[in-house]
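# Fold the stuff below for me.
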Amino acid sequence: MAKKAVLLAIAVALALVVYALPRPEGDTWEINGDPEKKLATAAQKDFKEVPNPNKRSQGYLLQALSPGTAQGTAENLQKAMTANQLQGVKLDYVNGLSPRAKTFLAVLVFLIFLFVFEPVPLEITALSIGVLLVAAGVTDLKDAWAAYMHPVVVFIMCCLVFAIAMEKAGLTKRLAAAIGRKTGGSVVKFTFTIAITLGVASSVMHDAAAAAIGLATMLPIMRALGIEPYTNTAKFMTLSIPFAASCGGMGTLTGGGRCRVSAAFLKEFTGVELTFLDWTIFAMPAALLTVPAAVFVVWLVFRPDPKFKMPAAEGKAEPWSPIEIKTMLILLAVLVAWLTKSVHGLDYTITGGVAVALLVLLSVLEWEDIHKHLEWGTALFIFGGGIALGLAMDDSGAARYFANKFFPLVQGGGWLVLFAAVGIFGALVTNAMANVAAAALVMPIVLPMALLEGVDPRIIALCLGMATSFAMLLVIGCPPNAIAYSYRQFKAFDLTKAGLVATPLLLGILILVAAVWWRVLGLV
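Sure, this is the predicted structure:
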């Protein structure tokens, strides 16, 4: 109890320090909801309009003529809006930090400390995200709690239900036996094989689904072998799966939303298209290298106990049972539906929900199976809270502020420096916000820089879509992390510990692939 109180006190102290730091005002603001530019006219004595590099934005930029004075502040612009009765006009900071964003950063520091060191259960910390964001005035009530039933949360629930169905039907046992026959009695070989196989499969199926399948296969074996939770062996086996799945998602455009968003922004901003084949040729080698590298890092950090041996696999597989066949057909159907989303337009949650209903209607599962085995706290609270945090980071302007401050520092350094900067920033920010949102945030900022420096914009789109796969520092970083944590085999700090080693190594591999493979292809 005393240790928990000390950790909570440290978290509060860190938040107060951040809140007490001076707030940079900046000198540029984006004005939205003012198509006739009435505010620009009303404030022309103290502000001038400057070009807006974000072509997707419908707003315009105003820059202070006398930065650092009372006339060159957001408060002065607000006064001009009030004096001219400009209703519905929204003012966003560009290179400054709004009061709301500064409050958000204080809340963020407090929460990250709790997520890493776990003085209270992670579900309680995650639930408190909504409470703190509303209480601090960062987010309104509706937006804060809506995130806890975000479509991604529902999607994770569907993946967890599929894993429950696979285990009940015996498919996970069949998969484990098939891999066991290939790997013999080695737990290490078994883990590497299943993690790498599902990691590569994540290039064409959702990484959350791959993680759910892998973990549902792994856990019964761990229980049968007597592997205790929170031991090095348990950490190695269960962390290998999400790390591999996250890396594999970068391999094709269907592997992750982050890839599709990056490609879409590229086409809209520049007219340059990265087709499915283009993306696969450029990105798949990095996926094939980073998947085993991520598993190797987990093995290096958490060396498993060699005393555990896999049970001897039977020579021949048993005939498929009716329940296995029904389950497999339903899961194959939903996988096809997910892969063809661009054709039929149905969201993952709709097709996933239909599959869950079919599993119950066709007697693969009973409601009690779902109620008893589904980790509601992980899906609803941990990942829902993570989404709430990411949306607040974007909406408050905090992420945009750091992006606008960070990227000009590397301007003029050439394609490799810009590539490395985009990769590092993307890999860091994706731990606190959804990787799709991270890609959408950064692309409008760095693409104009790339074009000004004569850098092929495809390099930036590829880099961002791939680097945001490395969400390995926080449990809330991505769905595979949250799914793995739900099985209670490792602490949140264990994931952070492995992620601190894996992230720089994986970024290094990404840069190496870009410098060598892309040069062979003529991209750089």
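
# Low-confidence regions, the protein specifically.
55-56, 312-317, 379 (pLDDT under 70).

# Just the strands from it, written as ranges.
28-32, 47-50, 60-64, 90-93 (DSSP state E).

# longest single helix anywhere in the chain?
Determined from DSSP state H, the single longest helix within the chain is helix 492-520.

# list the buried ones in that one?
Within helix 492-520, the residues scored as buried using 16 or more other CB atoms under 10 Å are 492, 494-499, 502-503, 505-507, 509-511, 513-514, 517-518. Quick note: C-beta positions are derived from backbone N, CA and C, even for glycine.

# With adjacent residues omitted, what lies nearest to residue 26?
residue 96 (2.2 Å; CB to CB, 6 or more residues apart in numbering).

# what do you get for residue 110?
Distance criterion CB to CB, 6+ apart; nearest residue to residue 110, sequence neighbours excluded, is residue 15 at 3.9 Å.

# Near the one you found, how many other residues are there?
21 (other CB atoms under 10 Å).

# And the nearest residue to residue 493 once chain neighbours are set aside, how far from residue 310?
Spatially, and ignoring its direct neighbours in sequence, residue 493 is nearest to residue 116 (5.5 Å; CB to CB, 6+ apart). Relative to residue 310, residue 116 is positioned 33 Å away (CB to CB, to the nearest Å).

# which one of these two has more residues nearby?
The neighbour comparison of residue 116 against residue 310 (other CB under 10 Å) goes to residue 310, with 22 against 18.

# Neighbours of the residue nearest to that one when sequence neighbours are not counted, how many?
The shortest distance from residue 310 to any non-neighbouring residue, by CB to CB, 6+ apart, is to residue 185 (4.7 Å). Neighbour count for residue 185, taken as other CB under 10 Å: 13.

# for residue 180, same thing?
The number of residues packed near residue 180 is 21, by other CB under 10 Å.

# And for residue 319?
Using other CB under 10 Å, residue 319 is surrounded by 6 other residues.

# for residue 468, what are its contacts?
258, 426, 427, 430, 435, 438, 439 (CB atoms under 8 Å, 6 or more residues apart in numbering).

# Could you pull up the contacting residues of the last one?
Right, the one you point to is residue 439. Residue 439 makes contact with 258, 261, 262, 265, 426, 464, 465, 468, according to CB under 8 Å, 6+ apart.

# got a winner among those residues for most neighbours?
Counting by other CB under 10 Å, top hit in those: residue 468 with 35 neighbours.

# measure that residue to residue 422 for me?
10 Å.

# try residue 490
Distance of residue 490 to residue 422, given as CB to CB: 30 Å.

# between the two, which one's more packed in?
residue 422 (29 against 24).

# about what we covered before: for the residue nearest to residue 110, what are its contacts?
Counted by CB under 8 Å, 6+ apart, residue 15 has contacts 106, 107, 109, 110.

# What count of nearby residues applies to the third one?
Counted with other CB under 10 Å, residues neighbouring residue 109 total 18.

# residues in contact with it?
Contact analysis of residue 109 by CB under 8 Å, 6+ apart lists 11, 14, 15, 18.

# Can you tell me how far the nearest residue to the first one once chain neighbours are set aside is from residue 10?
It refers to residue 11. In space, residue 11 comes closest to residue 113 once its chain neighbours are excluded; the distance is 4.2 Å by CB to CB, 6+ apart. To residue 10, residue 113 is 7 Å away according to CB to CB.

# didn't residue 330 look like it was pressed against residue 361?
No - assessed by CB atoms under 8 Å, residue 330 is found out of contact with residue 361, at 10.0 Å.

# between the two, who's got more neighbours?
Set residue 330 next to residue 361 and count neighbours by other CB under 10 Å: residue 330 wins out with 21 against 9.

# show me the contacts for residue 482.
With CB under 8 Å, 6+ apart, residue 482 has these contacts: 156, 378, 379, 382, 383, 386, 475, 476.
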